[in-house]
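Peer 1: Provide a 3D model corresponding to the input given below.
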Amino acid sequence: MGTSSDKKNIVIFASGSGSNAQRLLEHFEHHPQIQVAALFSNNPDAFALQRAQNFGVPTGVFDRAALRSGEVLEQVQAYNPDLIVLAGFLWLLPSGFVQAFPNKIINIHPSLLPKFGGKGMHGQHVHQAVINAQEAESGITIHYVNEHYDEGAPIYQERCPVQPDDTCETLAARVLTLEHRHLPRVVEELLTSGKNSPKTPTA
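Peer 2: This is a model prediction of the structure:
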């Protein structure tokens, strides 16, 4: 299924199950102005690939060599992306890739950045760190991507409580609910507002 030129294009990067990718695929399947043009993964076994194929969305798989060489950049540019969404994508993008899409790459992180971000801080590692630090709240941060892990300008944050009896799994489920609820909405707002510029995160 080709991309139509009158719609804005989203390209998703995912490394795993792709539940956030699923929400984006559902949200924009019949959207009049926006479509998911492709999904790329660094993991050939990622279930996210199957999710995209179920919606008739083209997929691509790549390794570190292809990412470093610029091959992936060329493949993504072919889809003329208006926004690239990292939805559970675990590799750092090369600076050349980031610079090719200024203010067009966003990531969703399962904590209130700048807390609990950086290399290795993903998934259960984040939630365990939050619990170990006895934080009263956690949440999500949707932010622009730069050449450093989790350091790009924030776009949106949403908070949730950390309960005294929380485990990694219960906290992860609460945070994931926020991800699923807010990522499609924020992506839609970025693409329909006419400006991809950082906004002040909500309290």
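
Peer 1: List the buried residues in stretch 52-62.
Peer 2: A52, F55, V57, P58, T59, G60, F62 (16 or more other Cβ atoms under 10 Å). For every residue, glycine as well, the C-beta is placed using N, CA and C.

Peer 1: I should have written stretch 154-173 there, sorry.
Peer 2: P154, I155, Y156, Q157, E158, V162, D166, C168, L171, A172.

Peer 1: from the residues you listed, which is closest to G96?
Peer 2: I155 (22.9 Å; Cβ to Cβ).

Peer 1: quick check, nearest of the buried residues of stretch 154-173 to Q124?
Peer 2: Of the buried residues of stretch 154-173, the one sitting nearest to Q124 (Cβ to Cβ) turns out to be C168, at 4.9 Å.

Peer 1: Let's verify V11: helix, strand, or coil?
Peer 2: strand (DSSP: H, G, I helix; E, B strand; the rest coil).

Peer 1: Low-confidence stretches in this structure?
Peer 2: 1-5, 194-203 (pLDDT under 70).

Peer 1: Show me the strands in this structure, by range?
Peer 2: Counting by DSSP state E, the chain has strands at residues 8-13, 34-41, 59-61, 83-86, 105-109, 137-144, 154-161.

Peer 1: Would you reformat the buried residues of stretch 154-173 as TSV and include distance to N80?
Peer 2: Putting the buried residues of stretch 154-173 into TSV (distance: Cβ to Cβ, whole Å) gives the following:
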residue	distance to N80
P154	26
I155	22
Y156	25
Q157	30
E158	30
V162	41
D166	43
C168	39
L171	38
A172	35
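
Peer 1: of these, closest to A48?
Peer 2: So of those, ranked by how close each gets to A48 (Cβ to Cβ), first place is A172, at 17.5 Å.

Peer 1: I'd like to know which elements the lengthiest helix in the chain is packed against.
Peer 2: Criterion DSSP state H: the longest helix present in the chain is helix 168-192. In terms of contacts (3 or more Cβ pairs under 8 Å, 6 or more residues apart in numbering; DSSP states H and E), helix 168-192 is packed against strand 8-13, helix 19-27, strand 34-41, strand 83-86, strand 105-109, helix 124-132, strand 137-144, strand 154-161.

Peer 1: follow-up on the earlier one: mind putting the strands of the chain into a markdown table with distance to K115?
Peer 2: Listed next are these as a markdown table, based on distance: least, Cβ to Cβ, whole Å:
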| stretch | distance to K115 |
| --- | --- |
| strand 8-13 | 24 |
| strand 34-41 | 28 |
| strand 59-61 | 33 |
| strand 83-86 | 19 |
| strand 105-109 | 10 |
| strand 137-144 | 9 |
| strand 154-161 | 11 |
